[in-house]
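**Q** coordinates for the following, if possible.
(2 chains)
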Amino acid sequence: MGVGHLFDTPLIVAEIQDCADLNRGLIVAIEQRLAADPEGVAISNRIGWHSDIEMLEWAGEPAHRLMDAVIAIANKYTRDIAAEGRRRFIWVPEMWANVSGKGASNQLHTHAGSFWSAVYYVEDGYQGSADRALGGELEIEDPRAPMVNMEAPDLRFRTAANAAPVSHETIIRPSTGRLLLFPAWLRHAVKPYFGEVSRVSIAMNLTAIRVPAKVLEDFPHVPGPPPGD
Amino acid sequence: MNLRTADRFLSLFTTPVLTELWPGVAQWNQALFDAIVARREEHPSVSLSNVHGWQSSTDMLEWGGEPAQRLGDHVLAWCDQHTVDVRQTDRRRFEWLPEMWANINERGASNQTHCHPGSQWSAVYYVADGYGGLDDPSLGGELVFLDPRFPMVRMRDPDLRVHRPDGSSDHQETWIRPATGQLVMFPAWLMHSVRPYHGDGLRISVAINISSRPCWED
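**A** Now for the predicted structure:
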C-alpha cells in the first residue's frame, strides 16, 4: 500500500438487471409470510415488519437466486490471504424481509459476527417520485466518527485541491432492483420513511466459517471466499 | 438461471496520507541541517515518543531561522489545499497554529505508536534520511501508519480481506521509507510510529503539528 487516500471502507452498489420476475416471486413469498407471522421480530426496526431470519427456508427459489447473486459479488471482492491456494472458509448466509409502512425506520446498528451485510430493494415505495420528503434513505456512518471531526467540526478534508469537502456519512436513496453490500461492522441506519406504498426490502448477512479441508473436499460446491493475495 | 448484475465498488471514508518533495529542498535543506545539528550541541533532548535519539523543543519556528519558516509556510499552504471550512462564507474563519520540532536519530532509534491530539494535521519533513543512498530494507526507519479502523476491521476474520477492483487487498498498515527532501502530511489523529533505524548516517527529521483556531476579529 502506498500513499494517497487510504484505508477505504467499501460500499458495493449493484443493480439486478430484469428484476421484475425476481421481485414478483419475492413479494408473493413475503406476503404469505407476513400473513402467517404478522408479529415478526423486533430488533432495529421501528414500526415496520421484520421477518424471522430464516427467509432462505420459507421463500424458495427467488430467495436463493438473490443469495447466489450476493455471494457472487462477495466472492469477487473478498480474498482469504492466508489460504495458500486452497479454500478454507464457507459462507453461512442469513436472510430476512422488512416491510416498512409510513413512519418506519431502523436505528443505527451493525451486524457483529458477520463479514458482509447486504440489502436488496424489492419495492422502494417511491412510486417514481424523486421527492426527498419521502425519506427512507440508508445512512452509513463514517467508521472514524466522531474523531475525524473532533478538532474542528467545520474543517473537512478534500481529496484534491479545489475538490468538494469529504462527507462523514453516505446517504443512499433506495431504488427497486438495487443491491448494496458493505462490511458487517459498518454502522448504518434507515431514516424514517414517509411513502404511501409499503417499502419492501431484504437484508442479508454473510458469515464466514472456517471448515476442515475434508468438508470442502466432500462438498466442493458450498460457496465461500476464494484464496488469493 | 443466474441473475445478471452490474456493480460498482465505491471507496468511502478514506484517510489522507500525502507526500511530496519539498520544493525548497535545494535552497534550504543544508541550512536546515546545520541549524538542527547546532541546536543539539547546546540543548538536551526532550523525551516523548522517541526511543533513543534527540528531540528538540517545539519552538523550532523561533530558533530555526528562515529555513524553518520557509518550510512552515509551505506546509501551511499545503494544509489549505487539503482542508475546507464547510461553513465559510466571505472571509476566512480559521487560522493555522503550527508547532515545529526537530529529531535526530542514530542507529537503534525508533518512535512508539502515537498520534497528536489537539491538532488538525501533522507533517514530517526529512532533512536527511540517513540511508547514504542505499536501498537496503534492513536499514529500517520506515514511517508506519495504522488503519484508523483497526482492530475492528480484522476482528472477526483476520485473514479475509476486501479485494479491490485494482487487485489490491486491504491491509491495516502502510509503510513509507523516507527520502531526503520528502514531506509527508496526515491527520493528527492517525496513529503512527517509526520502525527502528539501523543506518550509520544521521537521520534528521522535522515534525510539524498544525492546529486550527478561530480568526479573531480586529
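**Q** ranges for the helices of chain A?
**A** For chain A, helices defined by DSSP state H occupy the ranges A:20-36, A:55-58, A:60-76, A:213-218.
**Q** how about the helices in chain B?
**A** Using DSSP H, helices in chain B cover B:25-42, B:60-63, B:65-81.
**Q** can you check which of these gets nearest to B:F150?
**A** Nearest to B:F150, of all the helices of chain B, is helix B:65-81, at 25.4 Å by CB to CB. Where you see a C-beta, it was placed from the backbone N, CA and C, and this is true even at glycine.
**Q** what's around B:A102, how many residues?
**A** When neighbours are counted by other CB atoms under 10 Å in any protein chain shown, B:A102 registers 26.
**Q** same question for B:E62.
**A** B:E62: 11 neighbours (other CB under 10 Å).
**Q** check what pLDDT it gets.
**A** Looking at B:E62, its pLDDT reads 96.
**Q** quick check: beta-bridge partners of B:L18?
**A** Counting by DSSP bridges, B:L18 forms beta bridges with B:M185.
**Q** actually A:P93, not the one I wrote
**A** A:L206.
**Q** next, work out how far apart it and A:M150 are.
**A** 38 Å (CB to CB, to the nearest Å).
**Q** for A:A164, same thing?
**A** For A:A164 relative to A:M150 (CB to CB), the value is 21 Å.
**Q** more crowded one of the two?
**A** Each of A:A164 and A:M150 has its neighbours counted (other CB under 10 Å); A:M150 has more, 14 against 11.
**Q** thinking the more buried one is in contact with B:P187, fair?
**A** No: using CB atoms under 8 Å, A:M150 is not in contact with B:P187, being 10.3 Å away.
**Q** any buried residues in stretch A:123-143, and which?
**A** Neighbour counts over stretch A:123-143 (16 or more other CB atoms under 10 Å in any protein chain shown) mark A:123-126, A:134-143 as buried.
**Q** tell me if it is near chain B.
**A** Yes: applying CB under 8 Å from any CB of the partner chain, one finds that stretch A:123-143 is in contact with chain B at A:I140, A:D142, A:P143.
**Q** can I get these in JSON lines with pLDDT and distance to B:V84?
**A** Shown next, in JSON lines, are the residues of stretch A:123-143 next to chain B (pLDDT from 0 to 100; distance: CB to CB, whole Å):
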{"residue": "A:I140", "pLDDT": "98", "distance to B:V84": "21"}
{"residue": "A:D142", "pLDDT": "97", "distance to B:V84": "16"}
{"residue": "A:P143", "pLDDT": "97", "distance to B:V84": "21"}
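**Q** scan the helices and strands of the chain for the one with the lowest mean pLDDT.
**A** All of this is about chain A. When each helix and strand of chain A is scored by mean pLDDT, DSSP states H and E, strand A:45-46 comes last, with a mean of 70.
**Q** wrong one, I was asking about chain B
**A** strand B:50-51 (a mean of 62).
**Q** setting aside sequence neighbours, what's the nearest residue to B:L12?
**A** Leaving aside its sequence neighbours, B:L12 sits nearest to A:T9 (CB to CB, 6 or more residues apart in numbering or on different chains; 4.8 Å).
**Q** how much space separates the residue nearest the centre of chain A from chain B?
**A** Central residue of chain A (CA atoms, centre = their mean): A:A118, 1.9 Å from the mean position. Applying CB to the nearest CB, to the nearest Å, the value for A:A118 to chain B is 11 Å.
**Q** how about the contacts made by that residue?
**A** A:V70, A:A74, A:L179, A:L180, A:L181, A:F182, A:A203, A:M204, A:N205, A:L206 (CB atoms under 8 Å, 6 or more residues apart in numbering or on different chains).
**Q** tell me the pLDDT at the second one?
**A** Note for A:A74: predicted pLDDT of 98.
**Q** try the fifth one
**A** We have a pLDDT of 98 for A:L181.
**Q** that one pairs with what?
**A** Under the criterion used (DSSP bridges), A:L181 bridges to A:I12, A:A118.
**Q** does it touch A:A74 like I think?
**A** Yes: contact criterion CB under 8 Å: A:L181 and A:A74 qualify, at 6.5 Å.
**Q** more neighbours, the two?
**A** Per other CB under 10 Å, whichever of A:L181 and A:A74 has more neighbours is A:L181, with 25 against 22.
**Q** for B:V194, find the nearest of the helices of chain B.
**A** Relative to B:V194, the nearest member of the helices of chain B by CB to CB is helix B:25-42, separated by 16.8 Å.
**Q** name the residues that touch the closest one?
**A** With contacts defined as CB under 8 Å, 6+ apart, helix B:25-42 is touched by B:22, B:54, B:56, B:63-68, B:70-71, B:102, B:104, B:127-128, B:180-181, B:202, B:204, B:206.
**Q** what residues sit buried inside that helix?
**A** B:V25, B:W28, B:N29, B:A31, B:L32, B:F33, B:A35, B:I36, B:V37, B:R39, B:R40.
**Q** now do it against helix B:65-81, angle only.
**A** 120 degrees (axes from the mean of the first three to the mean of the last three CA atoms, to 10 degrees).
**Q** keeping just the C-alphas, turn helix B:25-42 into PDB.
**A** Provided in PDB are the C-alpha atoms of helix B:25-42 (Å, rounded to 0.1, in the frame of the first residue of the first chain):
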ATOM      1  CA  VAL B  25      14.900  21.400  -0.700                       C
ATOM      2  CA  ALA B  26      17.700  22.600  -3.000                       C
ATOM      3  CA  GLN B  27      17.800  26.100  -1.500                       C
ATOM      4  CA  TRP B  28      17.100  25.400   2.200                       C
ATOM      5  CA  ASN B  29      17.900  21.900   3.200                       C
ATOM      6  CA  GLN B  30      21.600  22.300   4.100                       C
ATOM      7  CA  ALA B  31      20.800  25.400   6.200                       C
ATOM      8  CA  LEU B  32      18.100  23.400   8.000                       C
ATOM      9  CA  PHE B  33      20.500  20.600   8.600                       C
ATOM     10  CA  ASP B  34      23.100  22.900  10.000                       C
ATOM     11  CA  ALA B  35      20.600  24.700  12.300                       C
ATOM     12  CA  ILE B  36      19.400  21.500  13.800                       C
ATOM     13  CA  VAL B  37      22.800  20.000  14.400                       C
ATOM     14  CA  ALA B  38      23.900  23.300  16.000                       C
ATOM     15  CA  ARG B  39      20.900  23.300  18.200                       C
ATOM     16  CA  ARG B  40      21.600  19.800  19.500                       C
ATOM     17  CA  GLU B  41      25.100  20.900  20.700                       C
ATOM     18  CA  GLU B  42      23.500  23.400  23.100                       C
END
